[in-house]
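1. all I have is the shape, not the residue letters:
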């Protein structure tokens, strides 16, 4: 495979990643509204810990650096906190 072909494939995969992240982040306002309507705490450290641990395990099983995946998901979670805070407050 030529370098240009490899890069085209990488670009396609990157676009898929962005699309999936967009779909994931679109669910955050629904989570925030549920929490607000049902008096559920906005910040849930145990859930956050569970998400990180699960994703690290998936990374290890997939041969991906779990530290990289943890960093990525921590950033995703941080942005989710920002969105939830805008909706719920606190």
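-> Perfect, I can see it now. As the structure is a computational prediction, the values presented were derived from the model and not from experiment.
2. C-alpha from now on. contacts and neighbour counts both.
-> Fine.
3. number of residues surrounding the closest residue to residue 34 other than its chain neighbours?
-> Nearest non-adjacent residue to residue 34, counting by CA to CA, 6 or more residues apart in numbering: residue 40, 7.8 Å away. If you count neighbours by other CA atoms under 10 Å, residue 40 ends up with 13.
4. poorly predicted segments of this structure, please.
-> Applying pLDDT under 70 to the chain flags no residue at all.
5. let me see the ranges of the helices in it.
-> Assigned by DSSP state H, the chain shows helices spanning 3-26, 28-37, 45-62, 66-88.
6. dump the ones you listed to TSV, plus mean neighbour count.
-> As requested, the helices of the chain are exported to TSV (neighbours: other CA atoms under 10 Å):
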stretch	mean neighbour count
helix 3-26	12
helix 28-37	16
helix 45-62	13
helix 66-88	16
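7. that older thread, phi, psi of the residue nearest to residue 34?
-> phi -100, psi 140 (degrees, to the nearest 10).
8. now swap in residue 64 and tell me
-> With angles defined as degrees, to the nearest 10, residue 64 sits at phi -110, psi 150.
9. check the gap between it and residue 52 for me.
-> Distance, residue 64 to residue 52, using CA to CA, to the nearest Å: 14 Å.
10. now residue 85
-> Counting by CA to CA - residue 85 and residue 52 are separated by 20 Å.
11. kindly report the same for residue 68.
-> Noted for residue 68: a distance of 11 Å to residue 52, by CA to CA.
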